[in-house]
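Enquirer: Structural data only, the sequence is not supplied:
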């Protein structure tokens, strides 16, 4: 057969079977047109329809195929001070089997999984990292007070006296996670030493810092009024962003020292723009999802920063001039600490309690008769097992009560 005969195509049948423009080019009359093969997926679907009888198949419940979300609802609903043992112990007998697919960066530890899990849980306690343990999967889901979340998985090694460890970032700052991963690699072999700041730490020279002109009271008031407008919106993202900004403004380590003091005084003492009432309303919300917990933590950070900077500058006696801290703030804080599922929130709450008790003699007397000591004892015991920051704050508050 000649080459011309080989390429000869029936013009009428090709024109009827396939439109010329479907090939993406202009085809003139008389030009041979090739039939496009059916897609592979269409061929498979056609063959499956003819080979499988779907009338006798049972419907699949999609909920069966959904993977559990690591007990998220449980973690968001159980108060931390009354939580179960999943917060306190990581008892691992053997690690997971390595998956058949490649995984991320790992560390090989010269200890069995049982010892590695024990070392890591102690490190998380010392560094006040909230961890929820899943011993049957040799996994730990953790988050820090700054919002960096990560997951630790222990895999079985060929040598039973060794462990393969993987640390995965789930959310948050990559720089913070890098430091955490380095610290976890050390903690896995029971090295809990803190990293010292290097010589390259940057600091603003004093002569440049002296040139800084802080904002005026009018500018700060305008900022607070704008913050009120954002907080009044029914948008959790905008509320959380605004609260984080206010938390930074009242933090003397992040803001100008004089500015943080003035903003703290405007919020707590002067009640400027009604921000303290709005924050109190957000803190009293009974919603217990992840967004609400983040908002409450930001509110508590504002209260903690404001109380701390006022106390350090000798203005703790001005806190309760109108009775707001004693009559409104303190009772809600005591209610929240018994209901909060977040250990970071409990740590902030105990710190606020400690500062308020130190600032008011009448409040200490009222606290002794209202069962505050029992709650602080509970926080002390819980913090000693799982969260060292909570332990330190509760111990300081108890010592303040004993001085009464």
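Expert: Now that the structure is in, tell me what you want to look at. Everything numeric here is computed off the predicted structure, so don't read it as measured data.
Enquirer: So, low pLDDT: which residues of the protein?
Expert: Counting by pLDDT under 70, the chain has low-confidence residues at 1-77, 83-87, 196-201, 404.
Enquirer: how about residue 268, what does it touch?
Expert: Residues counted as contacts of residue 268 (Cβ atoms under 8 Å, 6 or more residues apart in numbering) are 276, 303, 306, 307, 310, 319, 324, 325. Quick note: C-beta positions are derived from backbone N, CA and C, even for glycine.
Enquirer: Residue 349 too?
Expert: Shown in contact with residue 349 (Cβ under 8 Å, 6+ apart): 300, 333, 336, 337, 340.
Enquirer: Pick the one among those closest to residue 136.
Expert: Nearest to residue 136, judged by Cβ to Cβ, of the contacts of residue 349 is residue 340 at 27.4 Å.
Enquirer: thinking again about what came up before, which members of the contacts of residue 349 are positioned in helices?
Expert: Within the contacts of residue 349, residues falling in helices by DSSP state H are 300, 333, 336, 337.
Enquirer: The first one: how many residues sit nearby?
Expert: So the one you mean is residue 300. Using other Cβ atoms under 10 Å, residue 300 has 26 other residues around it.
Enquirer: if I look at it, how far off is residue 350?
Expert: Distance of residue 300 to residue 350, computed by Cβ to Cβ, to the nearest Å: 10 Å.
Enquirer: same check, this time on the last one
Expert: Taking Cβ to Cβ as the measure, residue 337 and residue 350 are separated by 7 Å.
Enquirer: which residues do the two both contact?
Expert: Shared contacts of residue 337 and residue 350 (Cβ under 8 Å, 6+ apart): residue 379.
Enquirer: ok so, going back, with distance to residue 205 as added columns, please give the ones in helices among the contacts of residue 349 in CSV.
Expert: What follows is the ones in helices among the contacts of residue 349, written out as CSV (distance: Cβ to Cβ, whole Å):
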residue, distance to residue 205
300, 34
333, 40
336, 42
337, 43
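Enquirer: Widest-spaced pair of the residues you listed?
Expert: Counting by Cβ to Cβ, the most remote pair of these is 300 and 337, 10.1 Å apart.
Enquirer: Any buried residues in the helix or strand containing residue 281, and which?
Expert: Secondary structure assigned from DSSP states H and E places residue 281 in helix 275-283. Using 16 or more other Cβ atoms under 10 Å as the test for burial, helix 275-283 gives 275, 276, 278, 279, 280, 282, 283.
Enquirer: Give me the contacts around that helix.
Expert: With contacts defined as Cβ under 8 Å, 6+ apart, helix 275-283 is touched by 224, 227-228, 231-232, 239, 243, 246, 267-268, 271, 295-296, 299-300, 302-303, 324, 328-329, 332, 336.
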